[in-house]
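Participant: test case, fold it:
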Amino acid sequence: MTFVRIWAYRAADDAETGFVAAYGPEGVWAALFRRGAGYLGTDLLRAADGRWLTIDRWRSREDWADFLAEHRREYAATDRACAALTAEEWDLGEWSAG
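Facilitator: Numbering: from 1, shown residues only. Predicted structure coming up:
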């Protein structure tokens, strides 16, 4: 099974280009996640109403937890650096994909 973390967002006004650059499959978040064992990739999806979803795929929940334990400071710094790109953010949770 694959483990996924899903987040929903609204990009900040006039920040959509920067948002896509940061949260997309080649963005700063994906670059950070690639430092962890078991990271499988990120999908960025846009809804017709302008909301966005990120789906971060990991081999297992344990790989995700190990990544957080090892890179917690970098994760927090990236979150702070990207805060201006989002107007709203919702953690939709952890999921397993068969």
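Participant: contacts, neighbours, all on C-alpha from now
Facilitator: Noted.
Participant: tell me where the protein has helices.
Facilitator: 16-23, 28-33, 61-82 (DSSP state H).
Participant: where does pLDDT dip in the chain?
Facilitator: Applying pLDDT under 70 to the chain picks out residues 98.
Participant: residues contacting D13?
Facilitator: By CA atoms under 8 Å, 6 or more residues apart in numbering, D13 lies in contact with A87.
Participant: same thing but at 10 Å, please
Facilitator: Applying CA atoms under 10 Å, 6 or more residues apart in numbering, one finds that D13 lies in contact with A84, L85, T86, A87.
Participant: W29 now?
Facilitator: Contact analysis of W29 by CA under 10 Å, 6+ apart lists A21, A22, Y23, T42, D56, Y75, T78, D79, C82.
Participant: closest one of these to L68?
Facilitator: Nearest to L68 among the contacts of W29: Y75, at 7.5 Å, using CA to CA.
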